[in-house]
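S.K.: turn this into a structure:
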Amino acid sequence: MRKAPIVVHPPLGSGGRRVTVRGEIVGLALCDRDVVEFLRRAGLPDGERLLDDPA
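M.R.: Purely as a prediction, here's the structure:
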């Protein structure tokens, strides 16, 4: 089974969601804007469009 290269994990009890890229923690997202920024840093400049993609 292949692991997803980018994972937005379930919410933590303290708030926010951990985001990992290729198995490495890149930060804690408190909102969609944080996720978009982590995607941009990972080399995906169209992260906002990806969040809106139901696939």
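
S.K.: touching, Arg41 and Glu24? I think so.
M.R.: No. Look at Arg41 against Glu24 with C-beta atoms under 8 Å: they stay out of range, at 11.5 Å. For the C-beta atoms, the positions are set from N, CA and C on the backbone; glycine is no exception.

S.K.: pick out whichever of the two has more residues nearby.
M.R.: Arg41 (12 against 8; other C-beta atoms under 10 Å).

S.K.: and the residue nearest to the more buried one when sequence neighbours are not counted, what element?
M.R.: Leaving aside its chain neighbours, Arg41 sits nearest to Val26 (6.9 Å; criterion: C-beta to C-beta, 6 or more residues apart in numbering). Assigned by DSSP states H and E, Val26 belongs to strand 24-29.

S.K.: likewise for Val7?
M.R.: Using DSSP H and E, Val7 falls in strand 6-11.

S.K.: ok, that strand: who's next to it in the sheet?
M.R.: strand 17-21 (antiparallel) (DSSP bridges).

S.K.: tell me the angle the strand it pairs with makes with strand 24-29.
M.R.: 150 degrees (axes from the mean of the first three to the mean of the last three C-alpha atoms, to 10 degrees).

S.K.: got a pLDDT number for Met1?
M.R.: Per-residue confidence (pLDDT) for Met1: 62.

S.K.: list the contacts for the residue nearest to Arg41?
M.R.: Val19, Thr20, Phe38, Arg41, Ala42 (C-beta atoms under 8 Å, 6 or more residues apart in numbering).
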